[in-house]
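**Q** I need the structure of the sequence given here:
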Amino acid sequence: MKAIRLIQLMWAAGLVAILAALSLNAPTVTGLPLLVLAAVYLLACIRAWGSSRAAWVVALVAPVVICARWLPMVLLNAVAFVRDDPVYLDSPATIVVVAIDALVLVVPSLVLIALFWQQRTALQALFIAHGTGAS
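**A** Numbering: from 1, shown residues only. Got it, this is the predicted structure:
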């Protein structure tokens with residue numbers, strides 16, 4: 001569980017730093033909401049060190065949502081690049097943007113999802129209240 005918490009904390013802090021730098025240099029309509037979401041994720045990761053259920057829900061859902069959003073795009077672009085799609089013939093630097101998305105968003109979320117699966121019994125124990133006295 002310590003590995004999950006550490007990876008989440010480092011990734012969330014990195015996302016906040018990257019998005020804050022991008023928002024300062026070139027503010028966009030989508031940049032601020034992404035920065036806010038990354039900040040909420042960072043706060044949830046910090047609170048997850050204390051076994052807060054609500055924080056763990058956010059900390060678990062965020063990598064899954066990020067992976068679900070960006071993994072298909074990365075895979076489709078990787079296939080297009082391998083097949084010499086005209087987009088990549090006209091603009092070969094496009095694969096660099098896709099690689100950055102993959103390294104910053106998809107790979108860390110996949111690592112976390114794999115760790116979540118590996119530690120699923122410990123995570124289930126966080127969400128199931130034992131011995132509450134309710135019948």
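
**Q** only C-alpha atoms from now on, for both contacts and neighbour counts.
**A** OK.

**Q** the residue nearest to Ala55 when sequence neighbours are not counted and Asp84, how far apart?
**A** Excluding the flanking residues, the one nearest Ala55 by Cα to Cα, 6 or more residues apart in numbering is Ala44, at 4.5 Å. Applying Cα to Cα, to the nearest Å, the value for Ala44 to Asp84 is 42 Å.

**Q** after whichever helix in the chain runs longest, which helix or strand is next?
**A** Longest helix in the chain, counting residues (DSSP state H): helix 53-82. With elements assigned by DSSP states H and E, the helix or strand that comes after helix 53-82 is helix 86-90.

**Q** number of residues surrounding Ala13?
**A** When neighbours are defined as other Cα atoms under 10 Å, Ala13 has 18 of them.

**Q** sorry, wrong one. I was asking about Ser51.
**A** Using other Cα under 10 Å, Ser51 is surrounded by 14 other residues.

**Q** where does it land in three-state SS?
**A** Here Ser51 is recorded as coil under DSSP: H, G, I helix; E, B strand; the rest coil.

**Q** now for the protein, the helix or strand with the poorest mean pLDDT.
**A** Of all helical and strand segments in the chain, the minimum by mean pLDDT, DSSP states H and E falls on helix 86-90, at a mean of 82.

**Q** now it: buried residues?
**A** Tyr88 (16 or more other Cα atoms under 10 Å).

**Q** then stretch 57-77?
**A** Val58, Ala59, Leu60, Ala62, Pro63, Cys67, Trp70, Leu71, Val74, Asn77.

**Q** that concludes my questions; thank you for your assistance.
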